[in-house]
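Chemist: got a predicted model here, sequence first, then my questions.
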Amino acid sequence: MNAMLKISAGVAPLQACGICKRYDDRTALDTVDFALPEGAVLGLIGRNGAGKSTLIRALMGLIDVDAGNATVLGEPALAMSDAAKERLGYVPQDPDVLGWLRVDEMFALLRGQYPRWDQEFVEAQLARTLLPRDRALGRLSPGERQQVALIRALAVQPSLLVLDEPAAALDPVARRDLLREIALRAGESGTSVLFSTHIVSDLERVASHVAFLHQGRLLLQAPMDDLKERYARLWLPSRVAPPRIVGEISRRPQQAFGGWSLVVEQIDGHWPEATQQPGARLETLGLEDLFVEIAE
Amino acid sequence: MCIVVLIHMDASSLTIAPGAPEPIYRQIVEQVRRLIAGGQLPPGELMPSVREVAGFHAINPMTVSRAYSLLEGEGLLERLRGTGMAVAQSARSARPEAERMSLIEPRLHELARAARELELPASRVLRRLDQLLENGE
């Protein structure tokens, strides 16, 4: 799997090496190596509690980690310069707000702080989303608060956009709009994007890369198209557990089928030899199925 | 006698199923291939821009670019001087039937396998297929 972590050229906008984080008796992150390739839209997927938010906070330098290090736009996450911060758009899962500040007041305040601030974009989004400009931030619904935070992050015209469960509080229309905006930003302005989600369909549309986080470990990290083309489910009829095979990612017994299902990976363009066994059957997998197989 | 229905190509003419095991770029490549082979997209027909397709389907523009580049590599699309892509003049439309059949062959195999696994009678499957081919629904 290490081969997938290699990045084409230059420094990845977001990179982590050997990140470990423990909370009391629980391991939240277990030696996570991670790289967001430049211009990629990387979907970080995992079940609730898999460690997605912890990883994102570690990458942003917002929590102390027990081991490993992270770099943001080529700088240590824990000591980012102002110049780097200006090129970063980050939306946490529950954005903090100054409750008494009005929506329009907040945008006016930020406008002066960011050299690349895109007021036209802000105006267009406020008009389109029907957000109440004169309402205090503290009186917005969670969905509205998330929209304000997203507009704010995008208005900065960031080189790097990091979104923690950005679609969680949004309705389906707002969600589709957000995905469209993310996709177009990446495609046209070369913005690199990391977003976490537990909703597979969000990721399937816009992500160019996928990373699977499961119980604090990064199980897979690959370009989206590779995932669909290079991973498959292998059905092996066998009463006893089949011997471990090269290219195996995960396995589980399937009683109804009378055998085992394995997730296997192509190696150098070839499926493992076990796929030739009598009774073996190889099946292509959608991302949802792949996710379920691995995260079970 | 064969009647070819010409379509005006816009972003909505493409069907994208993000959840399918087939990557989105390949879904685009294969649809365009079929539409050209079937003669519905004649040489010179302008393709919707990468932005239009990406925006309409809320998909990654790089995915659309990748599909277009592959089709360009196959000689089916050509890059116009200004901006944009069109069906290549050299992409002879309405390919011979045998060639068009070969494009659908893998799917027929899949269908046949699924029908066998489900132990469905061939007549029943063919009747339904007939309906779908006639009415589209």
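Modeler: Noted; the coordinates are in hand.
Chemist: just want the most central residue of chain B.
Modeler: Centroid check for chain B by C-alpha atoms, centre = their mean gives B:Q31 as the closest residue, at 1.2 Å.
Chemist: that residue is in contact with B:T15, isn't it?
Modeler: Yes: counting by C-beta atoms under 8 Å, B:Q31 touches B:T15, with 6.8 Å between them. Every C-beta, even on glycine, is put in place using the N, C-alpha and C of the backbone.
Chemist: the residue nearest to the centre of chain B belongs to a helix?
Modeler: Yes: the assignment for B:Q31 is a helix, going by DSSP: H, G, I helix; E, B strand; the rest coil.
Chemist: what number of residues lie near B:R34?
Modeler: Neighbour count of B:R34, defined by other C-beta atoms under 10 Å in any protein chain shown: 14.
Chemist: equivalent analysis for A:V246, please.
Modeler: Neighbour count of A:V246, defined by other C-beta under 10 Å: 10.
Chemist: and the pLDDT at the closest residue to B:V125 other than its chain neighbours?
Modeler: Distance criterion C-beta to C-beta, 6 or more residues apart in numbering or on different chains; nearest residue to B:V125, sequence neighbours excluded, is B:A115 at 4.9 Å. On pLDDT, B:A115 comes in at 88.
Chemist: and the gap between B:A115 and A:R102?
Modeler: Taking C-beta to C-beta, to the nearest Å as the measure, B:A115 falls 63 Å from A:R102.
Chemist: again, but for A:L170
Modeler: As defined by C-beta to C-beta, A:L170 lies at a distance of 22 Å from A:R102.
Chemist: my guess is the residue nearest to B:V125 is in a helix, correct?
Modeler: Yes: assessed by three-state DSSP, B:A115 belongs to a helix.
Chemist: tell me how many other residues surround it.
Modeler: 16.
Chemist: please apply the same query to A:L282.
Modeler: Per other C-beta under 10 Å, the neighbour tally for A:L282 reads 15.
Chemist: please enumerate the strands of the chain.
Modeler: Assuming you mean chain A. A:14-23, A:26-36, A:41-45, A:67-72, A:75-76, A:88-91, A:160-164, A:192-197, A:209-214, A:217-223, A:231-237, A:248-254, A:259-265, A:281-284 (DSSP state E).
Chemist: wait, I meant chain B there
Modeler: Secondary structure of chain B by DSSP E: the strands cover B:77-79, B:85-87.
Chemist: out of those strands, which one sits most buried?
Modeler: Highest mean neighbour count of the strands of chain B: strand B:85-87, a mean of 20 (counted as mean count of other C-beta atoms under 10 Å in any protein chain shown).
Chemist: pLDDT of that one, averaged?
Modeler: Across strand B:85-87, the average pLDDT comes to 92.
Chemist: what about it, near chain A?
Modeler: No: on the criterion C-beta under 8 Å from any C-beta of the partner chain, strand B:85-87 is out of touch with chain A, staying 15.5 Å away.
Chemist: tell me which residues touch the closest residue to chain B within chain A, please.
Modeler: Of all residues in chain A, A:G187 sits closest to chain B, at 2.8 Å by C-beta to the nearest C-beta. By C-beta atoms under 8 Å, 6 or more residues apart in numbering or on different chains, the contact set of A:G187 is B:V50, B:R51, B:A54, B:N60, B:P61, B:M62, B:S65.
Chemist: who in chain B is up against chain A?
Modeler: Residues of chain B lying close to chain A (C-beta under 8 Å from any C-beta) are B:18-26, B:50-51, B:54-55, B:57-63, B:65-66.
Chemist: of those, which belong to helices?
Modeler: B:24-26, B:50-51, B:54-55, B:57, B:61-63, B:65-66 (DSSP state H).
Chemist: what's the local residue count around residue 43?
Modeler: No chain in the question, so chain A it is. A:G43 has 25 neighbouring residues, counting by other C-beta under 10 Å.
Chemist: oops, wrong one, chain B.
Modeler: When neighbours are defined as other C-beta under 10 Å, B:P43 has 15 of them.
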